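Novice: sequence and predicted structure are below.
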Amino acid sequence: NAGVTQTPKFQVLKTGQSMTLQCAQDMNHNSMYWYRQDPGMGLRLIYYSASEGTTDKGEVPNGYNVSRLNKREFSLRLESAAPSQTSVYFCASSVALNYNSPLHFGNGTRLTVT
Amino acid sequence: RKEVEQDPGPFNVPEGATVAFNCTYSNSASQSFFWYRQDCRKEPKLLMSVYSSGNEDGRFTAQLNRASQYISLLIRDSKLSDSATYLCVVTPGASNYQLIWGAGTKLIIKP
């Protein structure tokens, strides 16, 4: 049982390049999330998907797009990377969008934009 | 003022000692509270939920003080494996499901 799988683990981009972070979960969870974590700050929600077919903006959506491809997969796309997007990105999933559903995180993607 | 504030530490504690740290939150409408644990360069993992009456899980005790708007985490008989960053997580209100995360308190247990 792999849980939440993110790829890639590391990535270096030049300003203006694009890339897609992939995330898949095998726990049959309905809700999925993308967070970024920066030094000295709490995790910040970029986008989330309450269920298959829906996506919503989180706290810091600018510069990102997402796709809930199916129940298992939720991808995050950076269309034109900027140095301010250098961060560690975590995908997470939960049974449902409610407070009683703990989040299960992937291993993270360390992204550097030069 | 940040919505969720934690002392970043690090707290350097000898093995076997008891350590406690707090997390303050600004929104009095917050409904639910959690502690997550994050090991160095790893993903966060749920440690425990925090209930109004307080709750205990082995060596870990979590408490909520609504009047003063803080939650606490107490670790007894600390182990080397407890070394990690502890993240406080708060819900902003009854109808908003976007969790608010503290930046974490780093704990180092020394032999």
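Specialist: Looks like it came in fine.
Novice: show me which residues of chain B sit near chain A.
Specialist: Residues of chain B lying close to chain A (Cβ under 8 Å from any Cβ of the partner chain) are B:4, B:8, B:31-32, B:34, B:41-46, B:49, B:87, B:91, B:97-104. Just so you know, the C-beta spots here come from the backbone N, C-alpha and C atoms, and that holds for glycine as well.
Novice: make it 10 Å
Specialist: Neighbours of chain A within chain B, by Cβ under 10 Å from any Cβ of the partner chain: B:2-6, B:8, B:31-34, B:36, B:38, B:41-49, B:87-91, B:94, B:97-104.
Novice: buried ones from the residues you listed, can you make that a ChimeraX selection?
Specialist: Of the residues of chain B next to chain A, the buried ones can be selected in ChimeraX as follows, counting by 16 or more other Cβ atoms under 10 Å in any protein chain shown:
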select /B:4,5,6,32,33,34,36,38,43,44,47,48,49,87,88,89,90,91,97,98,99,100,101,102,103,104
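Novice: for chain B, give me the ranges with low pLDDT.
Specialist: Along chain B, the model assigns pLDDT under 70 to residues B:1, B:94-97.
Novice: and if we set it to 90?
Specialist: For chain B, the stretches with pLDDT under 90 are B:1-3, B:27-32, B:51-54, B:91-99.
Novice: by proximity to chain A, which residue of it wins?
Specialist: Distance from chain A to each residue of chain B (Cβ to the nearest Cβ) is smallest for residue B:101, at 3.3 Å.
Novice: so the spatially closest residue to that residue that is not a sequence neighbour is in which element?
Specialist: Of all residues not flanking residue B:101 in the chain, residue A:42 sits nearest, at 3.3 Å (Cβ to Cβ, 6 or more residues apart in numbering or on different chains). Using DSSP states H and E, residue A:42 falls within no helix or strand.
Novice: and residue A:42, how many neighbours does it have?
Specialist: 23 (other Cβ atoms under 10 Å in any protein chain shown).
Novice: A strand includes residue A:80, no?
Specialist: No - assignment of residue A:80 by DSSP: H, G, I helix; E, B strand; the rest coil gives coil, placing it outside any strand.
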